[in-house]
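S.K.: here is my input, please return the structure:
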Amino acid sequence: MSSQLFTSYTSRSVVLKNRIGVSPMCQYSAEDGMPNTWHTVHLGSRAVGGAGLVFVEAAAVAADARISPADIGIWNDQQAAAFLPIAQFIKSQGAAPGIQLAHAGRKGSTQVPWVGRKAVPAREGGWATYGPSALSFNDVYTEPQAMSAADVDRIIDEFVQATRRSVKAGFEVLELHMGHGYLLHQFLSPLANQRDDEYGGSFEHRTAFARELVAAVRAVWPEHLPLFVRLSVTDWLDNGWDVAQSIRLSAALAKLGVDVIDCSSGSVVPESRVVQAPGYQVPLSAAIRKEAAVATAAVGKITDARQAESILEAGEADLIFMARGLLVDPYWPLRAQQELEGDAVWPVQYQRAVNPNAPSYFVPRVLSVSGLQHPRHARWRADQRRRAGRRSHLLRLGTGCACGW
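M.R.: Here you go, the predicted structure:
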């Protein structure tokens with residue numbers, strides 16, 4: 001039986017083998033922005049697990065664009081070179097390698113989550129943060145510097161340079177992070193943006209940074225490769241960024257060359273939260289897809305294969321992105337395919353765990369003592385004992401199962 005979830009999806013020249021994407025999930029495990037063996041194993045195992053698209057977590061476009069000192073980045077060529085084998089391995093497993101580019105803005109220079117969300121002091125390597133206005137996220141974050149027009153130009157150039165490095169690093173899908181209260185989202189939302197210049201106030205002005213950034217990135221990202229945008233579709237608060245504005249922006253971004261809107265929500269201010277019920281953001285994806293006429297990815301509390309299938313069947317999204325569900329089970333896609341279609345092609349290295357008819361690598365074999373030492377040596381010892389007038393005993397030994405014979 002075929003399913004929507006396991007049909008291919010084509011975006012420009014990139015063909016995803018199924019509709020499942022590994023959402024960018026910060027691991028907070030880098031040093032100086034460099035990906036390491038943790039990222040290789042983490043991302044590689046999700047590719048082995050059957051996802052069609054595997055995104056590297058939010059990669060900072062500059063050292064001062066990070067959320068924490070442990071974030072990965074792609075602001076220099078050494079980082080790009082370190083990403084190349086990761087992207088190549090993802091692709092070798094049949095998945096498309098993607099990278100999300102990000103700037104934390106006023107939510108930067110913080111400790112990793114398991115230490116506690118608080119600002120990193122300058123004496124411990126913290127840095128000055130930027131935002132549309134000099135408004136901190138809350139009382140434990142530092143107050144950001146209000147960006148000038150020159151700062152906007154500088155950061156756009158940082159994204160452009162990071163995009164060029166992403167090409168060299170072997171990525172086939174690029175996503176720009178405009179959600180979750182980070183810099184681009186801060187400019188979009190009136191709750192964080194209190195400017196009265198060309199980057200604040202009206203819808204056109206608040207979205208100018210986002211539109212300029214997309215145009216600049218699309219100009220250097222290869223035409224044959226798809227460009228995604230992660231968008232917080234609503235702030236869930238009155239007087240904040242909302243669905244109607246997201247529809248207008250998504251339509252504008254599609255005209256600029258964006259191929260998919262990755263539909264998330266919230267997090268621009270501490271109060272910008274909602275009860276996270278299963279599929280709670282799916283209606284946001286459905287609205288953008290219908291009203292802005294652009295492909296969408298649904299994300300958020302999608303953990304069941306039939307739930308994912310129903311979202312696609314209803315036309316509420318083109319892709320299903322998963323985050324926490326794939327943290328706890330890298331092989332969710334393969335299990336989902338077994339559930340929906342009755343079969344899944346597991347890696348040959350794992351076949352003996354899931355297929356009772358797979359060739360066994362363990363062949364029972366009984367070895368005599370001659371398999372442990374040369375038989376001539378055994379006969380010599382028996383002769384010596386007989387000559388000595390003692391009774392000879394020869395013990396036959398079995399070594400059990402041999403692997404690889």
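S.K.: hey, where'd the helices end up in the stretch 201-350 of the chain?
M.R.: 203-206, 208-220, 243-255, 282-291, 305-313, 324-328, 332-341 (DSSP state H, counting those that start in this stretch).
S.K.: list just the one of those helices that sits closest to N357.
M.R.: Closest to N357 of these is helix 332-341 (C-beta to C-beta; 15.3 Å). No exception for glycine: its C-beta is placed from N, CA and C like everyone else's.
S.K.: just how off-centre is that closest one within its chain?
M.R.: Distance of helix 332-341 from its chain centroid, counting by C-alpha atoms, centre = their mean, to the nearest Å, is 20 Å.
S.K.: helix/strand/coil for A47?
M.R.: Under DSSP: H, G, I helix; E, B strand; the rest coil, A47 falls in the helix class.
S.K.: returning to what we had before: okay, the helices of the stretch 201-350 of the chain in a markdown table with mean neighbour count next?
M.R.: Formatted as a markdown table, the helices of the stretch 201-350 of the chain follow (neighbours: other C-beta atoms under 10 Å):
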| stretch | mean neighbour count |
| --- | --- |
| helix 203-206 | 16 |
| helix 208-220 | 19 |
| helix 243-255 | 19 |
| helix 282-291 | 21 |
| helix 305-313 | 18 |
| helix 324-328 | 15 |
| helix 332-341 | 20 |
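S.K.: report the residue ranges of every domain in the protein.
M.R.: 9-354, 362-403 (automatic domain parsing).
S.K.: distance to M1 for the ones you listed - can I get that in a markdown table?
M.R.: Formatted as a markdown table, the domains of the chain follow (distance: least, C-beta to C-beta, whole Å):
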| stretch | distance to M1 |
| --- | --- |
| domain 9-354 | 5 |
| domain 362-403 | 34 |
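S.K.: give me the pLDDT value at R211.
M.R.: pLDDT for R211: 99.
S.K.: mean pLDDT for the domains of the chain: which is lowest?
M.R.: For the domains of the chain, where the average pLDDT is lowest is domain 362-403, sitting at a mean of 48.
S.K.: tell me the phi and psi of G105?
M.R.: phi 60, psi -130 (degrees, to the nearest 10).
S.K.: wait, doesn't it sit right on T142?
M.R.: No - the pair G105 / T142 is not scored as a contact, 11.5 Å apart, by C-beta atoms under 8 Å.
S.K.: more neighbours: the two, which one.
M.R.: G105 (24 against 20; other C-beta atoms under 10 Å).
S.K.: neighbours of the residue lying closest to the more buried one once chain neighbours are set aside, how many?
M.R.: Nearest residue to G105, sequence neighbours excluded (C-beta to C-beta, 6 or more residues apart in numbering): L183, at 3.1 Å. Here the number of neighbours of L183 (other C-beta under 10 Å) works out to 28.
S.K.: for L183, give me its contacts.
M.R.: Going by C-beta atoms under 8 Å, 6 or more residues apart in numbering, L183 touches 65, 102-106, 130-131, 155.
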